[in-house]
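>>> Quick one, structure for this:
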Amino acid sequence: MSTLFIIGNGFDRAHGLKTSYWDFRNYLEKYAEEFLVQLENMYNIAPFERLDKRFKKNRCIQNRRDDAIYEALWKDFEYGLGEVNEAEMLDYSETIVNDLVLDSGPVAIKDTLDVYWTEQYGFITQLNEYVTKWIKQVRLYKATPIKFTFIDNSEDYFFTFNYTSVLERIYRIPSNHILHIHGGLCPYCDESPVLGHGNEKKIKEYRKKADGASEEYDEGRESIFSAIADYYERTLKNTSKCIVFQNAFFRQLMNVDNVDIIGHSFGKVDIPYFAYLKRCISKDAHWRFYYYSSEDQNAAKKAVEELKIDNRNYKILHSDYFWR
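Modelled structure (predicted):
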């Protein structure tokens, strides 16, 4: 019998690695500022010039600004990606359409608008490219083992949401016992890093609206509805697709009788993975949810309810117990 360890970003951060969503934002601010400005603009966050003389010497103002940005988008970045400022996109599209000369109403303009929206919102296709570049510059040489039972562990299995190679390089765990469900870096993972939301309802909603506008020959609304659906689609993290491609790993989990979840915030985007893992392992498996903050503790309680785990088969513990 063996244990399945489900590893979240808190695991890497416990090893001193700067791998939080905010660390990713800091990377973008330093190396891809134009992309960051375009991205945050989609979520109603205006650009901020740190070198402005009014703010350069006032760290307090900068901190308040950072806190507001963090709460607005980066606290739960993947969830936030699925909540774009649709109202502004729609208002902007109406302005563009009204500025066109239309003798016969909003027809014969779709091709022109489609090209325009691609230029306006197509930048988002670079998101995962920047994620890969960011992870490549995270240095593991400062990290040392702190969970000694992991060293050379070839008995247990590791389902990680992280992109780094901490498990392989720091703990020397065999790669065939590790699944980087959202990709990682060569040579330990063949799939590139993927970051995104799980809001498929938005895609379906705007595809339906686009179809309705098409039936009414309203090419202006059809075009913008399609553009919004495209944006959501480009930032979607397709959990079903990720699962299908990794069946070989899941088949190894039949004899797992313990599940330890560490460093994860139990966000809604990733709950489908927990549900699928529950179906792969023993129905009597014992689950241990380790939390770091009170917010994570509450999220763990909600996850237990959603997964319908029997009261006798789980514990919710502070992460200090995991690292002992």
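>>> for K315, helix, strand, or coil?
strand (DSSP: H, G, I helix; E, B strand; the rest coil).
>>> what's the burial count for the nearest residue to it once chain neighbours are set aside?
Of all residues not flanking K315 in the chain, R288 sits nearest, at 5.2 Å (C-beta to C-beta, 6 or more residues apart in numbering). Bear in mind the C-beta positions are built from the backbone N, C-alpha and C, glycine included. Applying other C-beta atoms under 10 Å, we find 17 residues neighbouring R288.
>>> residue contacts, R288?
Neighbour list for R288: N258, V259, D260, I261, Y314, K315, I316, L317, F322 [criterion: C-beta atoms under 8 Å, 6 or more residues apart in numbering].
>>> gap between it and S294?
18 Å (C-beta to C-beta, to the nearest Å).
>>> Can you read off the backbone torsions of Y121?
phi -120, psi 0 (degrees, to the nearest 10).
>>> again but with I7, I slipped
Per degrees, to the nearest 10, the backbone of I7 is at phi -110, psi 130.
>>> what's around it, how many residues?
By other C-beta under 10 Å, neighbour count at I7 equals 24.
>>> Next, work out how far apart it and Y70 are.
Distance from I7 to Y70, by C-beta to C-beta: 24 Å.
>>> Doesn't the residue nearest to K315 lie inside a strand?
Yes - under three-state DSSP, R288 sits within a strand.
>>> Tell me, what's the model's pLDDT at R54?
In this model, R54 is scored at 60, pLDDT.
>>> do the same with A210
pLDDT recorded at A210 is 95.
>>> for R324, same thing?
88.
>>> and the gap between it and N313?
Taking C-beta to C-beta, one finds R324 at 22 Å from N313.
>>> Could you count how many residues lie near the residue nearest to S265 when sequence neighbours are not counted?
Nearest residue to S265 in three dimensions, chain neighbours excluded: D296, at 5.5 Å (C-beta to C-beta, 6+ apart). A total of 23 residues lie near D296 under the criterion other C-beta under 10 Å.
>>> how close does D296 sit to I61?
30 Å.
>>> now I181
Taken as C-beta to C-beta, the span from I181 to I61 is 40 Å.
>>> who has more neighbours, the two?
A count of neighbours by other C-beta under 10 Å puts I181 above the other of I181 and I61, at 24 against 14.
>>> pLDDT below threshold where in the protein?
48-57, 100-108, 245 (pLDDT under 70).
>>> helix or strand for the spatially most central residue of the chain, which one?
In the chain, the centroid-proximal residue (C-alpha atoms, centre = their mean) is E78; its distance is 3.5 Å. Assessed by DSSP states H and E, E78 sits inside helix 77-81.
>>> cool, K201 as well?
Using DSSP H and E, K201 falls in helix 200-215.
>>> contact partners of the helix holding E78?
21, 24, 43, 72-74, 195-198, 235, 237, 267-269.
>>> Now intersect those residues with the helices, please.
Y21, F24 (DSSP state H).
>>> Buried members of the contacts of helix 77-81 into ChimeraX, please.
One line in ChimeraX is enough to select the buried ones among the contacts of helix 77-81; burial here means 16 or more other C-beta atoms under 10 Å:
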select :21,24,43,73,74,195,196,197,198,235,237,267,268,269
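>>> and D152, that one's in a helix?
No - applying three-state DSSP, one finds D152 to be coil, outside a helix.
>>> Wait, it touches I170, no?
No - using C-beta atoms under 8 Å, D152 makes no contact with I170, being 11.4 Å away.
>>> Neighbour count: these two, which is higher?
I170 (20 against 10).
>>> So that one sits against L140, correct?
Yes - counting by C-beta under 8 Å, I170 touches L140, with 6.5 Å between them.
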